[in-house]
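Engineer: sequence and predicted structure below; questions after.
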Amino acid sequence: MRILITGAAGFLGSHLCDKLLADGHQVIGMDNFITGNRENIGHLAGNQNFEFYEHDVSNYIYLPGKIDAVLHFASPASPNPNSERAYFNLPIKTMKAGALGTHNTLGVAKANNAKFLLASTSEIYGDPTVHPQVESYPGNVDTIGKRAVYDEAKRFAESLTMAYHRFHGVDTRIVRIFNTYGPRMDLDDGRALPNMLKQALLGEALTVYGDGQQTRSFCYVDDLIEGIVRLLYSDEHLPVNIGNEAEISILEFAETINRVTGNQAGITFVPQGRSARDPQRRRPDVTRAKEILNWEAKIPLQAGIEKTMPYFKEKLGL
Ligand code: NAD
Ligand code: UDP
């Protein structure tokens with residue numbers, strides 16, 4: 001297949017490029033570098049099966065030649081108010097990437113009679129009242145809070161994807177991605193793993209927001225990419241959760257990072273602003289992924305942190 005990947009210079013997009021090239025496809029990467037990094041795809045320069053377009057997906061997309069699949073991953077993805085590269089501080093661009101970007105990429109898929117895969121998120125469940133989260137749960141989402149720009153854009157993107165599937169017959173897929181980490185994350189985007197692993201490797205205290213009793217379920221990137229590619233190759237049109245079922249409190253997560261890195265500097269509790277509306281718990285129900293894709297996450301947190309450390313050390317010059 002000749003596959004368009006938007007957000008190709010990002011964390012997940014760059015790993016998807018590698019995986020799909022390794023599977024023998026031709027890949028077209030597209031990115032405007034708003035939160036991504038040229039270095040993530042630097043190793044692909046000169047690869048005859050890889051093309052790259054610097055373009056904002058919120059604007060009309062013109063691509064020469066036939067395209068067989070479109071994977072729409074372009075969107076800011078970090079909620080941290082302290083980072084310039086987080087969607088809290090890119091609110092309108094985030095809504096445009098989720099809304100206009102999804103419309104444009106669906107248009108490319110329709111015009112080419114191509115498969116389409118949307119990168120959605122566990123954030124569409126908001127601060128969930130059903131736990132673990134099953135795909136049939138419609139969510140508990142605030143329309144006007146600071147997270148809303150991301151959550152509602154992704155919810156709109158899911159609705160538009162299903163509309164193109166039902167009305168235009170586009171061969172669509174929706175993956176609901178739960179917190180994922182690994183090499184090529186932006187060390188400064190403010191998400192929990194980059195923030196804390198960087199702090200630990202620099203021998204600083206880890207910042208835990210609130211009391212740290214909120215939970216997440218962290219998936220190593222290789223597991224996630226395998227699940228996404230299986231979904232691409234499947235015929236499933238309804239949303240599928242992909243994530244690691246192992247749920248951990250953020251305090252335990254910080255303690256794990258300190259233990260694995262040998263950091264002695266401990267933990268600092270940082271008050272959370274009420275406007276942040278940090279989801280209190282998050283864990284995927286992956287029954288559908290197991291049944292439809294024969295997929296589940298395999299890499300435990302400690303092993304995943306160990307696999308991620310060399311990249312962080314290199315970036316920090318350690
Ligand atoms: P990332 O910030 O590393 O990658 C996103 C990429 O999209 C960046 O390279 C950025 O420059 C690009 N981009 C953003 N807006 C664009 C635009 N208008 N035009 C062109 N390029 C644009 O983040 P990531 O973690 O790799 O996330 C990728 C996708 O996966 C996002 O859609 C995100 O919502 C989704 N997701 C990620 C996670 C996770 O834990 N990593 C969880 C849920 C969903
Ligand atoms: N978090 C934290 N310290 C940090 C960064 C994040 O305690 O330095 C918490 C954050 O409040 C949230 C969890 O870790 O409860 C995961 O945050 P992240 O930004 O990775 O993504 P989210 O799951 O909230 O989208």
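Structural biologist: Arrived safely. Numbering: from 1, shown residues only. Ligands and ions are numbered 1, 2, ... in the order given.
Engineer: which parts of the protein sit against ligand 2?
Structural biologist: Within the chain, the positions near ligand 2 by C-beta under 6 Å from any ligand atom are 78-80, 179, 191-192, 195-196, 207-209, 214, 216, 250, 278. The C-beta positions use only the backbone N, C-alpha and C, and glycine is treated the same way.
Engineer: please pick the buried ones from the residues you listed.
Structural biologist: Neighbour-count burial (16 or more other C-beta atoms under 10 Å) is assigned, among those, to 78-80, 179, 191-192, 195-196, 207-209, 214, 216, 250.
Engineer: inside helices: which ones of these?
Structural biologist: Among these, the residues falling in helices (DSSP state H) are 192, 195-196, 250.
Engineer: in the protein, where is pLDDT below threshold?
Structural biologist: Within the chain, the ranges that satisfy pLDDT under 70 run 273-276.
Engineer: which residue of it lies farthest from its centroid?
Structural biologist: Most distant residue from the mean C-alpha position of the chain: residue 264, 30.6 Å away (C-alpha atoms, centre = their mean).
Engineer: just checking, it touches residue 205?
Structural biologist: No - contact criterion C-beta atoms under 8 Å: residue 264 and residue 205 do not qualify, at 9.8 Å.
Engineer: list the buried residues of the host helix or strand of residue 226.
Structural biologist: Here residue 226 sits within helix 221-233, counting by DSSP states H and E. Using 16+ other C-beta under 10 Å as the burial criterion, the residues of helix 221-233 that qualify are 221-232.
Engineer: dump the buried ones among the residues of the chain next to ligand 2 to CSV, plus distance to residue 59.
Structural biologist: CSV is the format used below for those (distance: C-beta to C-beta, whole Å):
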residue, distance to residue 59
78, 23
79, 25
80, 27
179, 30
191, 27
192, 32
195, 32
196, 36
207, 37
208, 40
209, 35
214, 37
216, 34
250, 37
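Engineer: ligand 1 next: which of these are close?
Structural biologist: Among these, ligand 1 is touched by residue 179 when using C-beta under 6 Å from any ligand atom.
Engineer: show me what contacts the closest residue to residue 44 other than its chain neighbours?
Structural biologist: Take residue 44 and drop its neighbours on the chain: the residue closest to it by C-beta to C-beta, 6 or more residues apart in numbering is residue 50, 4.5 Å away. The contact partners of residue 50, by C-beta atoms under 8 Å, 6 or more residues apart in numbering, come to 17, 21, 26-29, 41, 44.
Engineer: strands - which of the residues you listed land there?
Structural biologist: Judged by DSSP state E, the contacts of residue 50 include 26-29 as members of strands.
Engineer: could you dump the residues you listed into CSV and include neighbour count?
Structural biologist: Below are these laid out as CSV (neighbours: other C-beta atoms under 10 Å):
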residue, neighbour count
26, 17
27, 26
28, 20
29, 25
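Engineer: let's have the residues you listed in JSON lines, adding distance to residue 134.
Structural biologist: Output for those, formatted as JSON lines (distance: C-beta to C-beta, whole Å):
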{"residue": "26", "distance to residue 134": "36"}
{"residue": "27", "distance to residue 134": "33"}
{"residue": "28", "distance to residue 134": "35"}
{"residue": "29", "distance to residue 134": "33"}
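Engineer: ok so, going back, which one of the ones in helices among the buried ones among the residues of the chain next to ligand 2 is nearest to residue 239?
Structural biologist: residue 192 (23.9 Å; C-beta to C-beta).
Engineer: run a quick neighbour tally on residue 186.
Structural biologist: 20 (other C-beta atoms under 10 Å).
Engineer: who's in contact with it?
Structural biologist: Residue 186 makes contact with 11, 35-37, 78, 85, 194 under the criterion C-beta under 8 Å, 6+ apart.
Engineer: gap between residue 235 and ligand 1?
Structural biologist: 22 Å (C-beta to the nearest ligand atom, to the nearest Å).
Engineer: what about that residue, which SS state?
Structural biologist: coil (DSSP: H, G, I helix; E, B strand; the rest coil).
Engineer: who in this structure is up against ligand 1?
Structural biologist: Residues of the chain lying near ligand 1 (C-beta under 6 Å from any ligand atom): 6-7, 9-13, 31-36, 56-58, 73-77, 97, 101, 119, 121, 177, 179-180, 186.
Engineer: among those, name the ones in strands.
Structural biologist: 6, 31, 119, 121, 177, 180.
Engineer: hey, where'd the strands end up in the chain?
Structural biologist: 2-6, 26-31, 50-54, 69-72, 115-121, 171-177, 180-181, 206-209, 215-217, 219-220, 240-242, 247-249, 267-270.
Engineer: report the distance from the fifth one to the chain centre.
Structural biologist: Going back to what we said before, that points to strand 115-121. 11 Å (C-alpha atoms, centre = their mean, to the nearest Å).
Engineer: give me the angle between that strand and helix 221-233.
Structural biologist: 140 degrees (axes from the mean of the first three to the mean of the last three C-alpha atoms, to 10 degrees).
Engineer: identify the bridge partners of residue 177.
Structural biologist: residue 121, residue 242 (DSSP bridges).
Engineer: perfect, I'm done here.
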